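Enquirer: coords below, sequence missing:
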């Protein structure tokens, strides 16, 4: 999915959790994680002994514009140093760890992190190295674990994907976008009067051409046709377009010199008489 | 996040939406998308004219074990051919498109897709090429758009990340994992009687050593100490461990030959008398 408007600002920054990457292996993954953080309005990136050194050109290439996060990233020698100033720490894990700790879904974790942040509690989330995840000593630093519900037969996530899902839930937890919005482009939803005018015109034409000729069925057919167009939630512009379409489709019949006799047979309707 | 248990099965497969990648550019991204699909229990991958040809070794390398999805992927010459057998199609877009279509969040889209799937409606989701996203003619194939709420100043997602978020929401929409679970490892939450025995032992020792010597404050201090341990939600095993810890810490005082006089001064407590 491409496109973002850099003139727009992120939502006013609640202090997001620090993202602590413990012994990340590939620079690319650090870059992808930074990009995912920026997607989600997170800014505090902390790196614990990245395997391939720091700074890392591959991280910059993979960050796709989230360079500022990489430049501001802090380096630490151990996970415990990286979380030393934090008050509440979560650790991500895909495996069952048999640790006596609360285990949160990413969604529940986001709610907790939002609540803590609102009270000024400094929060962070630990992510382990690509191959094996966090070691138990790192997990022991955490107040609780995050285990993201995923296909139990294939739950291993790429580092950047894990950061994205935690960040995504953090962003959603304070996002007020309605689940469904009807967009009308530059136009407005049509006023019912305009829609009714179109229906009357359409039904007149359908009477004329004989489509509604079976009188006992006419009322229900008209209702069905009206429902079909109602369901589309038409805009003003779209009602004008439909008006024009029907006018154009019936023009040949309404031309001077043509009979206004209803066309009663399918064959007749398919092959309009050529204008003289 | 590493680790997944391949002996476990995915949740019983509701027929997930087809994932249609339209003109994907990099093989790596197709592989990452396939891995994300498998993470989320999705299986129907469709490719519309991948730029670098098909099959693609880089896709296999990036799929990290989701090869079966790549092998089963179907190739199409156009997006309209790829969705020909589907009844309900969503299209992802990061940009505002000014199209007169409903726009759904990923979460709302997942609910709609689950409802449709439950009724046997065949669904699919279109994803555009990395650089520019779907063209308007592809969007016109869709019943509605998905726009994932993200940092409006940096909303552009990697193809694999976009597939992951849509798949993640699809999976969550039917997942029943409780938001918070207290895990006790191999042990059970302690019965209150065991906890109370520990408290009584601890308080006896704290009386002995003089920690609770200020009688007017004793009751509230005891309450605070009990609350602190209660809050930890201790397991049977942990209560045994605490018992052992306190017993061990106080052993020197309870040894034969030592006076059982309460130690009333800080200095005394810091420097236990050497055993004879």
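Expert: Here it is on my side, so go on. As the structure is a computational prediction, the values presented were derived from the model and not from experiment.
Enquirer: domains for chain A, by residue range?
Expert: Annotated domains of chain A cover A:18-172, A:192-270 [automatic domain parsing].
Enquirer: what bridges to residue A:92?
Expert: residue A:146 (DSSP bridges).
Enquirer: that one - how many residues pack around it?
Expert: 25 (other C-beta atoms under 10 Å in any protein chain shown). For glycine as for every other residue, the C-beta is placed from the backbone atoms N, C-alpha and C.
Enquirer: for it, what are its contacts?
Expert: Going by C-beta atoms under 8 Å, 6 or more residues apart in numbering or on different chains, residue A:92 touches A:125-128, A:133-134, A:145-148, A:162, A:166, B:1.
Enquirer: ok, back up a step: nearest to residue B:196, of the domains of chain A?
Expert: domain A:18-172 (19.8 Å; C-beta to C-beta).
Enquirer: sorry, back to before: dump the contacts of residue A:92 to a markdown table, plus distance to residue B:208 and pLDDT.
Expert: Below are the contacts of residue A:92 laid out as a markdown table (distance: C-beta to C-beta, whole Å; pLDDT from 0 to 100):
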| residue | distance to residue B:208 | pLDDT |
| --- | --- | --- |
| A:125 | 43 | 98 |
| A:126 | 41 | 98 |
| A:127 | 46 | 98 |
| A:128 | 45 | 96 |
| A:133 | 45 | 90 |
| A:134 | 41 | 94 |
| A:145 | 38 | 94 |
| A:146 | 43 | 96 |
| A:147 | 43 | 94 |
| A:148 | 49 | 95 |
| A:162 | 50 | 96 |
| A:166 | 48 | 98 |
| B:1 | 48 | 47 |
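Enquirer: what parts of the stretch 151-276 of chain A come near chain B?
Expert: A:151-162, A:164-165, A:168, A:171-172, A:175, A:177-187, A:235, A:238 (C-beta under 8 Å from any C-beta of the partner chain).
Enquirer: now, of those residues, which are buried?
Expert: A:151-162, A:164-165, A:168, A:171-172, A:177, A:181, A:183-184, A:187, A:235, A:238 (16 or more other C-beta atoms under 10 Å in any protein chain shown).
Enquirer: out of the residues you listed, list just those in helices.
Expert: A:159, A:160, A:161, A:162, A:164, A:165, A:168, A:171, A:172, A:238 (DSSP state H).
Enquirer: show me where the stretch 1-150 of chain A has strands.
Expert: With DSSP state E, counting those that start in this stretch, the ranges of strands along the stretch 1-150 of chain A come out as A:18-22, A:45-48, A:74-76, A:88-92, A:102-104, A:123-127, A:144-146.
Enquirer: run through who's touching the fifth one.
Expert: Residues lying outside strand A:102-104 but in contact with it, judged by C-beta under 8 Å, 6+ apart, are A:90, A:112, A:143, A:144, A:145, A:146, A:147, B:179, B:180, B:181, B:182, B:183.
Enquirer: show me which pair in those is furthest apart.
Expert: For these, the farthest-apart pair by C-beta to C-beta is A:112 and B:183; their separation is 16.1 Å.
Enquirer: look at residue A:268 and report its pLDDT.
Expert: For residue A:268, the pLDDT comes out at 44.
Enquirer: my guess is residue A:184 meets residue A:235, correct?
Expert: Yes: at 4.3 Å, residue A:184 and residue A:235 qualify as touching, with contact defined as C-beta atoms under 8 Å.
Enquirer: which neighbours do these two share?
Expert: What both residue A:184 and residue A:235 touch, as defined by C-beta under 8 Å, 6+ apart, is the set residue B:100.
Enquirer: lowest-pLDDT helix or strand in chain A?
Expert: helix A:266-270 (a mean of 44; mean pLDDT, DSSP states H and E).
Enquirer: gap between the residue of the stretch 151-276 of chain A found nearest chain B and residue A:76?
Expert: The nearest approach of the stretch 151-276 of chain A to chain B comes at residue A:179, 3.1 Å away (C-beta to the nearest C-beta). For residue A:179, the distance to residue A:76 (C-beta to C-beta, to the nearest Å) stands at 40 Å.
Enquirer: and residue A:158, by the same measure?
Expert: Where residue A:76 is concerned, residue A:158 sits at a distance of 23 Å (C-beta to C-beta).
Enquirer: for residue A:105, give me its contacts.
Expert: Residue A:105 touches A:146, A:147, A:148, A:149, B:177, B:178, B:179, B:180, counting by C-beta under 8 Å, 6+ apart.
Enquirer: isn't residue A:169 up against residue A:125?
Expert: No: between residue A:169 and residue A:125 there is no contact under C-beta under 8 Å: 10.7 Å.
Enquirer: now the common contact residues for the two.
Expert: Counting by C-beta under 8 Å, 6+ apart, the residues touching both residue A:169 and residue A:125 are residue A:109.
Enquirer: compare neighbour counts for those two and give me the winner.
Expert: residue A:125 (28 against 23).
Enquirer: so who does the more buried one touch?
Expert: A:17, A:18, A:19, A:20, A:89, A:90, A:91, A:92, A:109, A:113, A:146, A:166.
Enquirer: so which of these is the closest to residue B:251?
Expert: Nearest member of these to residue B:251, counting by C-beta to C-beta, is residue A:89, at 34.0 Å.
Enquirer: confidence score at that closest one?
Expert: pLDDT, residue A:89: 96.
Enquirer: repeat that for the one 4 residues further on.
Expert: As predicted, residue A:93 sits at a pLDDT of 91.
Enquirer: can you check residue A:272 too?
Expert: 51.
Enquirer: can you give me the end-to-end span of stretch A:41-61?
Expert: 20 Å (C-alpha to C-alpha, to the nearest Å).
Enquirer: any bit of it sitting next to chain B?
Expert: Yes: using C-beta under 8 Å from any C-beta, stretch A:41-61 reaches chain B at residue A:41.
Enquirer: starting at the chain centroid, how far to that stretch?
Expert: Taking the mean of its C-alpha atoms, stretch A:41-61 sits 27 Å from the chain's own mean (C-alpha atoms, centre = their mean, to the nearest Å).
Enquirer: stretch A:69-87 too?
Expert: Counting by C-alpha atoms, centre = their mean, stretch A:69-87 comes out at 31 Å from the chain centroid.
Enquirer: buried residues in it, which are they?
Expert: Buried residues in stretch A:69-87 (16+ other C-beta under 10 Å): A:69, A:70, A:73, A:76, A:79, A:82, A:83, A:86.
Enquirer: for residue A:72, give me its contacts.
Expert: Contacts of residue A:72 (C-beta under 8 Å, 6+ apart): A:43, A:45.
Enquirer: look up how far residue A:168 lies from it.
Expert: 21 Å.
Enquirer: swap in residue A:51?
Expert: 26 Å.
Enquirer: what do you get for residue A:207?
Expert: Separation of residue A:207 from residue A:168 (C-beta to C-beta) stands at 55 Å.
Enquirer: swap in residue A:224?
Expert: 43 Å.
Enquirer: ramachandran coordinates for residue A:99?
Expert: Note on residue A:99: backbone dihedrals following degrees, to the nearest 10 are phi -110, psi 140.
Enquirer: low-confidence ranges in the stretch 101-250 of chain A?
Expert: Of all residues in the stretch 101-250 of chain A, none has pLDDT under 70.
Enquirer: among the ones in helices among the buried ones among the residues of the stretch 151-276 of chain A next to chain B, which one sits closest to residue B:253?
Expert: residue A:162 (49.7 Å).
Enquirer: which residues touch the closest residue to residue A:55 other than its chain neighbours?
Expert: Excluding the flanking residues, the one nearest residue A:55 by C-beta to C-beta, 6 or more residues apart in numbering or on different chains is residue A:70, at 7.1 Å. Contact partners of residue A:70, counting by C-beta under 8 Å, 6+ apart, are A:30, A:31, A:34, A:45, A:55, A:59, A:60, A:63.
Enquirer: repeat that for 6 Å
Expert: For residue A:70, the contact set (C-beta atoms under 6 Å, 6 or more residues apart in numbering or on different chains) comprises A:34, A:59, A:63.
Enquirer: in helices, which of these fall?
Expert: A:34, A:59.
Enquirer: of the contacts of residue A:70, which is the most crowded?
Expert: residue A:34 (31 neighbours).
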